[in-house]
Every structure is written in C-alpha cells, then in structure tokens.
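1. Give the three-dimensional model of this entry:
(one chain, ligands or ions: 1)
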Amino acid sequence: MSKITQKIPVIVLTGFLGSGKSTLLQDLLSRENGQDTAVIINEFGEVPIDHDLVRVGRGELMRTSTGCLCCTAGSDVRGTLYELYEAVESGDVAPFSRVIIETTGLADPAPLVNQLVAGAMPAMGLRDHVVARHFVLAGVVTTVDIITGEITLENHFEAAKQVAFADRIVLTKTDLAQDPASKRDIDLLAEGLRQLNPAAELIDRHGEGVDLDSLFVPRNYQPASLGEDVLGWLAMDQAVSAEGGHVHGKSGLSRHAARVNSFVLTSDTPFAEANYKRFMEVLVKAAGPRLLRVKGLIALEDAPDRPLVIHAVQHAVFPAVQLEAWPSEDHRGRLVFITDELEEKPVRELFEAVLVGRPSAMERLRNAIGLGPKPTRDA
Ligand SMILES: Nc1nc2c(ncn2[C@@H]2O[C@H](COP(=O)(O)OP(=O)(O)OP(=O)(O)O)[C@@H](O)[C@H]2O)c(=O)[nH]1
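-> Just a heads-up that it's a prediction; the model follows:
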C-alpha cells in the first residue's frame, strides 16, 4: 500500500529577483511547523547558490535546474515530484506533509501552474498519473520587495505576471521602511498590486501579528478566480507546449528575455576586504538597475574559511552574512550575475582588476568600458 495516503499540497513560491523568496522560505523551514516540508528549488544555471544555503529540517531538498532564465517550462516539475514520491515509497525519505517549489526570480508561473493543475496538461504516462493522484496545487505565494517593487513592476512584465498568478502576495522588506514617507509609498504599491490582482490576499511580511506559517497553509487554488488574463496565459502556454514549443520570444510574454544576461565569476583567491568593497561600490553605482541580481559566496583574506554570503538587488546592496564554514565542497568564491543589457566582459574586467588590487585599473575601467549610467531607451 502507498505510504502517501492523502494528496500532498504543493505551494509555488515565486517573486521577482531578490524579492525575498529564499529568506522567507528559510524562516519558515527553521520553525517547528516548517519541518516536514519538501522543498524544490528551481535555480538557473550550473552554479547553485540557494541550494547550498537553504537548509531543511527533517524535510527533503531537491534542486531542478532550468537552462532558461525566464521560464520554468523545461524544469519538469512533474518529474521531480515523481522522484519525491518514489523516494517516500522506497523509504529513502520520510513522508512530508507539503511541498514548496521556489521558482527562479524571472520565472513565468504559467507552465508550472499548468503542470500542477488537474487536467490542464495531458498526463503523458504513468509518471504523470501518479503525480496527479498524489499531489495538488494548493497556492501561489508571490513576494514583492517594497524597495524595488514599483520600478520592477513597471519594467519587468514577468513580475506583474507573478503577481497576477498569486493567491497570496507577501510584501517583503517592510522592516526597512518605517518612516511616514516610506509608509505612504508602501500604501501606493499595495494599491497597485490590488489593481493587478484584486483576488489575492495581501500580507505584510513584517506586519504585526503576521503568522509566517499561515502564509503557506494549503488552499484551494483556483486560476479561474484570478481573472481572464491568467486564464488566457494558461491557455496560451498549453497551446505552445502542445506544439512542443517554448513561450518566450513568440508571444511577447517574456519580451525581456533577449536583453537579460546571466554569468558567473569565480575566484580561487580570497579578496582583500577593501578591494571587494570597492568592486561592489563601483559596480552598483555605475550599473544600478542594470544589475538585476548579484548573489554568491566570497572569501576574504582575513577569514578564508568563513565565507560571506553576498546579495545585491538592483541598486540595493544587502548586508553580507558571514558563515561559520563553506556550505559545500566547493570553496571557490563565486558571484552569480543576472543583468539587464549589461555584458559579462566589463564586469569580469572590473572583477579581475579588483581581485589583484589595481585601483587605478578600476577607475580606468569604470570610465572606459561602458559601465556608465543606464542609457535611456524606447519603451
Ligand atoms: N531587511 C530585510 N531584508 C530582506 C528581506 N527579505 C529578503 N531580504 C534580503 O534581500 C536579499 C535577497 O533576498 P533573497 O531571499 O535571497 O531573495 P530571492 O527572492 O530568494 O532572490 P533570487 O532567488 O535571486 O530571486 C538578501 O540579502 C536578504 O537578506 C526582508 O524582509 N527584510
């Protein structure tokens, strides 16, 4: 007899780059109620960072890698759920009571929702039938960062789409904005979000009395209650998938895909702290919103065995957190960049100049390599 006796709720956690998905997830998993959660992290590319940093209590952690930054279509969520199911059945993994899937920050939620909503996509074989029998989509939680939220929603259609699919929208980083002007900005942002998606519950992550556990309580997720846009996107995704296709570039759904770039810079040598700070300073100042996301692990000369976790989101650099030890066998310093119309070459040259500590080279590069202010462009 199957060890999974009831349908297991699956909750999708989405939200734009750096909006606070992993932080929210980590907080949840560190609580007693979060313990029997299986987590699937859908990361882009070959150098996982979140996977190294997210720790699950007694639960299970899987990583799916998507070769495509802006969509989840290729990530085969059904396949990963089936692996989880088999692992429980064979006794390799203890039963869990819920699954949370964290998407990439540029993810289009439509393919994921289609894979998980009963009947939306044809079951291709035994595997899909097993998944449909044992798992059910029970919510889409979307994080929106109050610092970059407004500009992100204006400039990145993916972010608006993530909001439209949510049955819960979580406002993050509200702890950083306590003055009256910031509170007014938050109210305006909230109003915009309500217009985009009137059906979703809007929750302040740091609001008084907010219970983190309740953010991830399974609910009856009904795309039909989210409006015609959502139904249209789901239908379009189904049609494109049926043709064996891939939505971006075709329909304009991810029209930013062409200008988004991703690359990884690595270093076997620890940084002098002042040089590293200089690098981030120059980069953030010059590239600003073109720097959609930087995250990674780096070692400083003073403490090569205790790496720093680095986070920057557009113009905001967040405090680095020092770990007690490297989280995996990989002890290289590594920074993952996701950029908007910013090529790898100038950033790499800057990185290399900093690493060997050539401040004059940094200045020269800053001026010469096009890391100037973001050029205005036609909408
Ligand atoms: N003060 C504060 N910082 C936050 C909050 N949420 C996230 N951060 C910080 O914002 C940065 C990015 O947070 P992440 O949780 O990594 O964001 P993410 O959405 O998982 O990022 P990607 O997976 O790259 O899209 C980190 O430095 C976090 O510490 C919050 O509510 N308050």
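2. Quick check: Glu158 is in a helix.
-> Yes. Checked against DSSP: H, G, I helix; E, B strand; the rest coil, Glu158 lies within a helix.
3. Check whether it really touches Pro109, as I assumed.
-> No. Glu158 lies out of contact with Pro109 (CB atoms under 8 Å); the separation is 9.0 Å. Backbone N, C-alpha and C define where each C-beta goes, glycine included.
4. out of the two, which sits in the more crowded spot?
-> Counted by other CB atoms under 10 Å, Glu158 and Pro109 do not tie: Glu158 has more neighbours, with 28 against 25.
5. Number of residues surrounding the residue nearest to the more buried one when sequence neighbours are not counted?
-> Spatial nearest neighbour of Glu158, excluding adjacent residues (CB to CB, 6 or more residues apart in numbering): Leu106 at 5.2 Å. Residues near Leu106, counting by other CB under 10 Å, number 28.
6. For burial, what's the neighbour tally of Glu349?
-> Residues near Glu349, counting by other CB under 10 Å, number 17.
7. related to what we said a few turns ago, for the ligand, see how far away the residue nearest to Glu158 is.
-> Distance, Leu106 to the ligand, using CB to the nearest ligand atom, to the nearest Å: 8 Å.
8. Look at that residue and give its secondary structure.
-> Leu106 ends up coil, using three-state DSSP.
9. Next one: it from Leu323, what distance?
-> Here the criterion is CB to CB, to the nearest Å. By it, Leu106 lies 27 Å from Leu323.
10. Up against the ligand, what does the stretch 201-350 of the chain have?
-> Counting by CB under 6 Å from any ligand atom, the residues of the stretch 201-350 of the chain close to the ligand are 205, 293, 295, 311, 313, 318.
11. For the fifth one, give me its contacts.
-> Read that as Val313. 17-19, 145, 147-148, 292-293 (CB atoms under 8 Å, 6 or more residues apart in numbering).
12. Could you tell me which of the residues you listed belong to strands?
-> Under the assignment DSSP state E, the contacts of Val313 contribute 145, 293 to strands.
13. If any of the contacts of Val313 are buried, give me the PyMOL selection for them.
-> Applied in PyMOL, the following selects the buried portion of the contacts of Val313 according to 16 or more other CB atoms under 10 Å:
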select buried, resi 17+18+19+145+147+148+292+293
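14. how about TSV for the contacts of Val313, with pLDDT added?
-> TSV is the format used below for those (pLDDT from 0 to 100):
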residue	pLDDT
Leu17	92
Gly18	93
Ser19	96
Asp145	95
Ile147	92
Thr148	91
Leu292	90
Arg293	90
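15. Any chance of TSV for the contacts of Val313, columns distance to Leu116?
-> Below are the contacts of Val313 laid out as TSV (distance: CB to CB, whole Å):
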residue	distance to Leu116
Leu17	23
Gly18	25
Ser19	21
Asp145	25
Ile147	31
Thr148	28
Leu292	27
Arg293	26
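16. And for Asn275, the neighbour number?
-> 18.
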